[in-house]
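# I'd like to go over a predicted model; first the sequence, then the structure.
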There are 2 protein chains.
Amino acid sequence: MTKGLTYKDSGVNVDLGDVCSKIMAQACQQTYANRKGRIGEIEVLEKEGLHRIITINFGSYRLMLNSDGIGTKVEFAERTGNHKTMAYDLFAMLADDSMRFGAEPIALSNILDVKKLDEGIIKQLAEGMVGSAKETGVAVVSGEIAELGKRVGGYTENAYNWCGTVLSILGKGKEITGKNIKPGDYLIALPEYGFRSNGISLVRKILTNKFGDEWHKEPVVASLALTPSRIYTKKILKLHGGFGEKSYVELKGVANITGGGIPGKLGRVLGAKKLGAELNDLLYPPEIMKQMQEWGNVSDEEAYKTWNMGNGMIVVVSEKECQKTLDKLGKIGDYSQIVGNVTKKPGIRINSRGHFKEGQTLEFK
Amino acid sequence: MTKGLTYKDSGVNVDLGDVCSKIMAQACQQTYANRKGRIGEIEVLEKEGLHRIITINFGSYRLMLNSDGIGTKVEFAERTGNHKTMAYDLFAMLADDSMRFGAEPIALSNILDVKKLDEGIIKQLAEGMVGSAKETGVAVVSGEIAELGKRVGGYTENAYNWCGTVLSILGKGKEITGKNIKPGDYLIALPEYGFRSNGISLVRKILTNKFGDEWHKEPVVASLALTPSRIYTKKILKLHGGFGEKSYVELKGVANITGGGIPGKLGRVLGAKKLGAELNDLLYPPEIMKQMQEWGNVSDEEAYKTWNMGNGMIVVVSEKECQKTLDKLGKIGDYSQIVGNVTKKPGIRINSRGHFKEGQTLEFK
C-alpha cells in the first residue's frame, strides 16, 4: 500500500511556520509601546496561549485588525476560469476570524497581487466582492492592485494572490475568551460544504498525483474543490449580538475551523483552560473530501487536522442554552447540530466520519 | 542612439492598472450601504477625482483604512541578503499615504506571502518592523505569514511579497482636501535619498540590460538601490498636529510622491481645483537615479513621471505660513526647501534636475 499523503508532503512546513509566526508576534509586541498613552492605545485583553485578543482603543470603542489571504485556492479559479467565488473565501477568512473573538466585522481593505492584469478577471473578483461584502455586512473601503510580474506565479499568466485586512469592533464585555467554558458544555457545529481556503496545497497534490498536471480537465473535481466558503459572521452575530446589542445566548467559545482543522482550532479554544472534547456526532464531510482522502490515501487523522471535514464553525454553549441556540439557528434558516461535549480530559476525541475509519475514535493530543 | 526606456517597457501596464482600479473602486462603493445606519458607517468626505477621502465612523472618531505593498523592491533585498530595510518601505507606503489626507496612522497589520520560509529572513524583517513602527509611531497589531510555494516568485527560493493595511484616525476638521489651495501658494519639499518602492521594475530592467541577470554583483548598485524609504509621518504630524492637537500651520495640500512621481501625485492634489505648479527649484535627485537615467537612456520626463527624483513629500502652504513651515521642519532636524509655487495655469512645469536636461523646463499636462 502506498504511504498516505500528509499536509506536510504538499510542501507546507507547518512547524517552521509556527516558529516564524512567533518571531513576528514578538516583534509586534515591542511596537505596542508606540501608542502608549495616546489615542489608539493597544490593550491585550487575553494573553493565554495563541488565543490572544488585541484591541486598539478609541475612547469607548475597542477595535481590532486582522489579516489573511486565500492562499493557493486561487488555482482552482485559474483552472476553471470562475473567479466569482474567491471573494467569499477571502471574506470568510477575515470576518469569521474576527467573530471568534466576539468582534463584529465592520470594514475591509484588500490587496491583489497579480502577475499580469486581466480586466475580465478583475470584473469577476469585483462582482464576488460586492456579493460577499453584503453577505458579511461589511463595507470595502480601500484596496490596492499591484502588477508584480514574475513575483506572482500560478496556472495562468494572469495568476494572482489575494489577501486583506478587516477592521472589527468589540463591545465592552462582548469578548469571547473561553474563560467560562466548563466540562459538560455543549458543542454545536454549523455545516461547511467545501474546503474553505485551508489544506488546498494537499488537495492540489492529490489531484496532480491522480490526474497529472492538467487535473482540472476532470471538470467536476475542479468545480467541487472551488465551492466557496460559507460566511458565518451574520449567523454568529444573531447569537452573540452586534456592537451595542444584547447577546441572545452566551457563546462561551467560538472555533472557526480553518487551518489545523477541528483538533487545531477547537483545541486552541479549549486548550487555554486545559479542557478537551468528545465529538461523537460530527457533521459528515462533503463527498469531495472523502474522495480526496481515498485518492491521496489521506488518513482520517490527517484529514481532520487539515480540512474542516464538514464542520465550518463550532460554538460552545452551556447545557441550559443549547436548545435555544439550535432553535435560533434554525429560525434564521441554518442547519446546526450538537456534535459533542466539553470534557475535563484534555485532547480532542473524534468519532470519525472520514473515509477510512468511520465510526472509530480518533485521538488528538 | 538607443531608444530610451520607459516605465511601460519594464512590463507594468499603467493604463490597464487604472481601468482595473476603477472597476474595484466602483465595486467598493456598492458596499458602503452594508454599514448604513450602523456603527462604522461610511462617509465619503471628498469625492473629487482620485483624491477621495473615505472614513469609517465610530461616534466622534473617523477612521480610515488603506493598503499597499512594497512591490518588486524586495528583489534588491533578495539579491543583497539585506532584508532589514524592507519594513521602512512598507511603513512609508502605508503611513505617509494616510498622512496626505491629514489622518494620523495608528495601527498596522501585515501579510507576508513567501515561496519557502526562511527563519533568518523573518528575523531580519521583524527587526526592521520594530524599527520602522517606532519611527512611524504606530503599533503592529496583527499579521499573517502564508507559505505559497510557486505562487510567489523572485530571485531566491525564499522570495516573498510583503503588504499591509494601516488604520488611521482623522480629526474633525483635520482632513486635507486641497480645497483651500490658491495660485501663489508655496510648495515645500522634503528630501528623499532613494527610490522608495516606486518605479523599481524600471530600475531592475535597466540593471539587467547593463549588467546581465547577475547585476547585483555590482554591489554598490544593489545597495544604493536598496536605500530604505524615508518615513515622513512624524514630521508632517509636527506641522499638522495629531488627533486632538492644534495644527501648527495649515497644510493646504500634501503630495506623497510615490508611483506617478511629481506630475502624478502633486498633479492629483492640484488637479482637483484645476490648478497647476511651477517648480523652479526642486531638490536634486540622488546620484543613483541620474546614473539609472544614463544607463537606461531614461528621459528626464520619464524619470520625473516614474521616480520621486529626490523630492519625497511636497506640502502646499500659504505665503504667510511658508517661513514658519520651513523653520519648524528645521527645528525638528529635517532639511526642507521651497521648490516652487501653485499656478492658475493647469499642468506641472518642472525646471529639470535630471541627467539629460538640467536647467530645461519639462511640461506635464
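Sure thing, it's come through.
# gap between the closest residue to residue A:234 other than its chain neighbours and residue B:359?
Closest residue in space to residue A:234, ignoring its immediate chain neighbours: residue A:137 at 5.8 Å, by Cβ to Cβ, 6 or more residues apart in numbering or on different chains. The C-beta positions use only the backbone N, C-alpha and C, and glycine is treated the same way. Separation of residue A:137 from residue B:359 (Cβ to Cβ, to the nearest Å): 58 Å.
# which of the two has more neighbours?
residue A:137 (20 against 8; other Cβ atoms under 10 Å in any protein chain shown).
# quick one, what contacts that one?
Neighbour list for residue A:137: A:105, A:233-234, A:237, B:34-35 [criterion: Cβ atoms under 8 Å, 6 or more residues apart in numbering or on different chains].
# ranking the residues you listed by neighbours, who comes first?
Most surrounded of the contacts of residue A:137: other Cβ under 10 Å gives residue A:105, at 29 neighbours.
# tell me the secondary structure for that one?
strand (DSSP: H, G, I helix; E, B strand; the rest coil).
# Can you name the helix or strand that residue A:65 falls in?
When elements are assigned from DSSP states H and E, residue A:65 belongs to strand A:61-69.
# Could you please name the strands that strand pairs with and the direction of each pair?
Using DSSP bridges, strand A:61-69 pairs in its sheet with strand A:53-58 (antiparallel), strand A:160-169 (antiparallel).
# got a list of what the closest residue to residue A:339 other than its chain neighbours touches?
Distance criterion Cβ to Cβ, 6+ apart; nearest residue to residue A:339, sequence neighbours excluded, is residue A:189 at 4.4 Å. For residue A:189, the contacting residues are A:282-283, A:311-314, A:336-337, A:339, by Cβ under 8 Å, 6+ apart.
# most neighbours, which of those?
residue A:311 (29 neighbours).
# Is that one in contact with residue A:339, as I believe?
Yes. With contact defined as Cβ atoms under 8 Å, residue A:311 and residue A:339 form a contacting pair (6.6 Å).
# Common neighbours of the two, please.
With Cβ under 8 Å, 6+ apart, residue A:311 and residue A:339 have common neighbours A:189, A:282-283.
# So which of those residues are in strands?
Secondary structure assignment (DSSP state E) places residue A:189 from the shared contacts of residue A:311 and residue A:339 within strands.
# Only the buried residues of stretch A:143-154, if you could.
Using 16 or more other Cβ atoms under 10 Å in any protein chain shown as the test for burial, stretch A:143-154 gives A:143-149, A:151-154.
# Looking at those, which two lie furthest apart in space?
Distance extremes for the buried residues of stretch A:143-154: the farthest pair is A:143 and A:153 at 21.7 Å, using Cβ to Cβ.
# looking at chain A, which helix or strand does the model trust least?
helix A:219-226 (a mean of 78; mean pLDDT, DSSP states H and E).
# Roughly how far does the residue most central in space within chain A sit from chain B?
For chain A, the residue nearest the mean C-alpha position is residue A:258 (3.4 Å; Cα atoms, centre = their mean). Per Cβ to the nearest Cβ, to the nearest Å, residue A:258 is found 11 Å from chain B.
# Excluding chain neighbours, what is closest to that residue?
Per Cβ to Cβ, 6+ apart, closest to residue A:258 is residue A:198, 5.0 Å.
# Assumed that neighbour was part of a strand.
No. Counting by three-state DSSP, residue A:198 falls outside a strand, being coil.
# Could you verify my assumption that it touches residue A:306?
Yes. Counting by Cβ under 8 Å, residue A:306 is a contact partner of residue A:198 at 7.2 Å.
# Of the two, give the one with the bigger neighbour count.
Neighbour count, other Cβ under 10 Å: between residue A:198 and residue A:306, residue A:306 has more, with 30 against 25.
# Average pLDDT for the helix or strand containing residue A:292, rounded please.
Here residue A:292, judged by DSSP H and E, is contained in helix A:287-296. For helix A:287-296, mean pLDDT is 95.
# Kindly export it (C-alpha atoms) in CSV.
The C-alpha coordinates for helix A:287-296 follow below in CSV (Å, rounded to 0.1, in the frame of the first residue of the first chain):
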residue,chain,number,x,y,z
GLU,A,287,-18.2,13.7,-0.5
ILE,A,288,-15.4,15.5,-2.3
MET,A,289,-13.3,15.4,0.9
LYS,A,290,-13.8,11.7,1.3
GLN,A,291,-12.9,11.3,-2.3
MET,A,292,-9.7,13.2,-1.8
GLN,A,293,-8.9,11.1,1.2
GLU,A,294,-9.3,8.0,-1.0
TRP,A,295,-7.3,9.2,-3.9
GLY,A,296,-4.5,10.6,-1.7
